[in-house]
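A.B. asks: Sequence and predicted structure are below.
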Amino acid sequence: MPLPESFTDPIQAGVGVSARNFRKAVDRNRIKRLLRECYRLNKLPLHERILQSKKNIAVFFLYIGKELPEYTLLDEKMKAVITKLELLLV
């Protein structure tokens with residue numbers, strides 16, 4: 001499906017959590033909020049790299065752990081993932 005002409009953001013990001021591992025919607029929603037916040041705070045280098053390369057990408061972060069994560073762990077892992085994505089765009 002082609003993107004609309006008014007689309008200006010070079011990156012689309014989504015987050016997901018398995019309902020099988022987290023039965024309560026409250027837990028799933030909390031994890032998704034944490035993932036979105038980690039992405040929001042760490043996305044700038046990735047956005048700059050994408051703008052330089054004149055590409056568009058879509059990423060989806062899926063939490064597959066079995067326990068509720070700590071924010072510090074998610075932040076650390078998000079930084080590592082974004083660094084790897086930056087290297088792929090070289």
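C.D. replies: Arrived safely.

A.B. asks: could you point out which element follows the lowest-mean-pLDDT helix or strand in the chain?
C.D. replies: Every helix and strand of the chain was ranked by mean pLDDT, DSSP states H and E. The lowest is helix 44-53, at a mean of 92. Using DSSP states H and E, the helix or strand that follows helix 44-53 towards the C-terminus is strand 57-63.

A.B. asks: contacting residues for the one residue sitting closest to the centre of the chain?
C.D. replies: Residue closest to the average C-alpha location in the chain (CA atoms, centre = their mean): F61, at 4.6 Å. Contacts for F61 (CB atoms under 8 Å, 6 or more residues apart in numbering) come out as A13, G14, V15, G16, L35, Y39, M78, V81. Every residue, glycine included, has its C-beta placed from N, CA and C.

A.B. asks: Dig out what it forms beta bridges with.
C.D. replies: Judged by DSSP bridges, the bridge partners of F61 are V15.

A.B. asks: what's the nearest residue to K79 if we skip its chain neighbours?
C.D. replies: In space, and not counting its chain neighbours, K79 is closest to N42: 5.4 Å by CB to CB, 6 or more residues apart in numbering.
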